[in-house]
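Chemist: the following comprises the amino acid sequence and a computationally predicted model.
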Amino acid sequence: MNALPQHVPLIATIRGDQPENIFYGSVAVVLSNGRLLSSVGDMRTPMYTRSALKPFQAMPLVAGFADQYALSDADIAVLCASHNGEAAHSTRVASLLKRAGRSDSDLQCGIHVPYYYTSNHLPPPEKGSYGRLQHNCSGKHAGMLMLANALGEPASTYTQRTHRVQEAIADSVAHFSGVASGKLVAGIDGCSVPNYAIPLPALAYAYSRLTRAEPDEIYGNAPMRIFQAMSQHAALVSGMGRNDLALNRAGSGDWIAKLGADGVQAIASRSRQTAITVKIADGDLPMLMLIVVTVLEQMGWMTDTARHALKSYVPGPLRNVAGHEVGHTTAVFQMS
C-alpha cells in the first residue's frame with residue numbers, strides 16, 4: 001500500500017463547546033501559470049481524481065475530431081458530464097453514439113439507478129426502465145467510442161489501458177497536470193475505465209489551464225471550448241438538484257465546477273485564471289460543499305449572488321430530535 005495522505009482538519013461539529021466529529025481534507029488553489037496561490041493540507045500525495053478528470057478525458061476527441069463529429073457545445077458538455085440520466089442527457093448521448101456508428105450496447109460503463117432520483121430524494125424507478133444511457137458516465141464512454149472510431153481502433157477494448165484511446169487520455173492528463181506520464185498513478189474507476197491519482201495542486205493546475213484565453217500548444221482551442229461548454233450548459237454536466245449545477249450558476253458563467261466521486265471537487269474561474277481543488281478524506285458530500293463554500297469565501301470569489309445561490313449548503317445549528325439546539329458545524333481552517 002502506498003503512503004496515506006497527510007490531510008488536516010477542515011470541518012468540525014461542535015456539541016456544546018466540545019469538538020465531536022472532525023472531517024479531514026486538503027485544498028489547493030493554483031494560477032494558470034502553475035503557481036500555488038494558497039493551500040491547506042497535503043500537496044504532495046497523489047489522490048484519485050475520479051470524475052473530476054472528465055474534461056481531460058474528453059480533450060483528445062474535442063481537439064482532434066470536433067469538426068468530424070460536428071460537436072456542439074452541448075455535446076461537449078455531455079462528454080464531460082456526471083449526469084443525472086434525464087432525457088436531455090440520454091438522448092444526446094444516443095445521438096453521439098449514432099455519429100460513431102455505435103449504440104448503447106457498446107457502452108461498457110454498466111447500469112445504475114439514475115442520479116436524478118437519488119439527487120432529488122425520489123424513489124427509484126422500476127428496474128428495466130433505465131439502462132446504460134442513463135449511467136452518469138455514459139457521455140464520457142460515448143466520447144471514448146467516438147475517439148476509437150476516429151482512430152480506427154476496435155471498440156470492444158476501449159476501456160483497456162493499452163488501447164490507443166486510453167493512451168491518448170493519459171497523454172492529455174500528463175500534459176495539463178504537469179505530471180509526467182510515467183508518474184501517473186493508475187487505477188480503475190467505478191465505470192471500468194482507467195483513472196489517475198495526482199497531487200491536488202496538479203489537478204488544480206490542469207483546471208486552471210482551461211481558463212486561458214490563448215490556444216494550447218498541443219490541444220489548440222479544445223480547452224477553451226470545454227470551458228465554454230461546461231459553463232454555458234451546466235445542466236448537461238450534472239442536472240437538477242446537483243451541487244455542480246448550483247456552483248456553476250453561483251459563478252454566473254465565470255466558473256465551471258466538476259465533482260469527482262468520494263469527495264473530490266474542482267472549480268475554475270475564467271476571469272481569475274485560477275482553479276480550486278478540494279479532497280475530503282471520508283468522501284462526505286455535505287461537508288465537502290461546506291469546505292468549498294468556505295474556500296470560495298476566504299479566497300474572495302463570493303458575490304452576494306453566489307452567497308444566495310449557495311446558502312443552503314451552509315448548515316444551520318445542530319438540533320436534537322426534540323428540536324433543541326445542541327451545537328453547530330464550523331470550518332476550522334484558514335487558507336494560507
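Modeler: Looks like it came in fine. Residues are numbered from 1 along each chain as shown.
Chemist: wait, residue 103 touches residue 97, no?
Modeler: Yes: with contact defined as CB atoms under 8 Å, residue 103 and residue 97 form a contacting pair (5.7 Å). Placement of C-beta: from N, CA and C, glycine included.
Chemist: compare these two (neighbour count), which wins?
Modeler: More neighbours surround residue 97 than the other of residue 103 and residue 97, with 25 against 13 (other CB atoms under 10 Å).
Chemist: quick one, what contacts that one?
Modeler: Residues near residue 97 by CB atoms under 8 Å, 6 or more residues apart in numbering: 103, 104, 106, 107, 142, 145, 146.
Chemist: just these: which are in helices?
Modeler: Counting by DSSP state H, the part of the contacts of residue 97 found in helices is 142, 145, 146.
Chemist: okay, now the closest residue to the second one other than its chain neighbours: neighbour count?
Modeler: Spatial nearest neighbour of residue 145, chain neighbours left out: residue 102 (5.0 Å); criterion: CB to CB, 6 or more residues apart in numbering. Residues contacting residue 102 under the criterion other CB under 10 Å number 19.
Chemist: can you give me the distance of residue 102 to residue 293?
Modeler: 40 Å (CB to CB, to the nearest Å).
Chemist: so which pair among the contacts of residue 97 is furthest apart in space?
Modeler: Using CB to CB, these span at most 13.8 Å, a distance reached by 104 and 146.
Chemist: tell me which of those two has more neighbours.
Modeler: residue 146 (27 against 19).
Chemist: enumerate every residue touching that one.
Modeler: Counting by CB under 8 Å, 6+ apart, residue 146 makes contact with 61, 65, 69, 96, 97, 99, 100, 102.
Chemist: got a winner among those residues for most neighbours?
Modeler: Neighbour tally across those (other CB under 10 Å): the maximum, 29 neighbours, falls on residue 61.
Chemist: my read: it touches residue 141, true?
Modeler: No: taking contacts as CB under 8 Å, residue 61 lies outside contact range of residue 141: 11.7 Å.
Chemist: burial measure for residue 19, as a count.
Modeler: For residue 19, the neighbour count with other CB under 10 Å is 14.
Chemist: quick one: contacts for the spatially closest residue to it that is not a sequence neighbour?
Modeler: Excluding the flanking residues, the one nearest residue 19 by CB to CB, 6+ apart is residue 12, at 4.6 Å. By CB under 8 Å, 6+ apart, residue 12 lies in contact with 19, 20, 21, 22, 23, 329, 330, 332.
Chemist: counting neighbours, which of those end up buried?
Modeler: Among those, those classed as buried by 16 or more other CB atoms under 10 Å are 23, 329.
Chemist: ok, residue 222 to residue 303 distance?
Modeler: For residue 222, the distance to residue 303 (CB to CB) stands at 29 Å.
Chemist: more neighbours: which of these two?
Modeler: Neighbour tally, residue 222 and residue 303, criterion other CB under 10 Å: the higher count belongs to residue 222, 23 against 14.
Chemist: can you report how many residues lie near the residue nearest to that one when sequence neighbours are not counted?
Modeler: Closest residue to residue 222 apart from its sequence neighbours, by CB to CB, 6+ apart: residue 63 at 3.8 Å. Neighbourhood size, residue 63 [other CB under 10 Å]: 19.
Chemist: given the strand of greatest length in the chain, what are its sheet partners and their directions?
Modeler: The single longest strand within the chain, with elements called by DSSP state E, is strand 18-31. Taking DSSP bridges as the criterion, strand 18-31 sits next to strand 8-15 (antiparallel), strand 36-40 (antiparallel), strand 274-280 (antiparallel) in its sheet.
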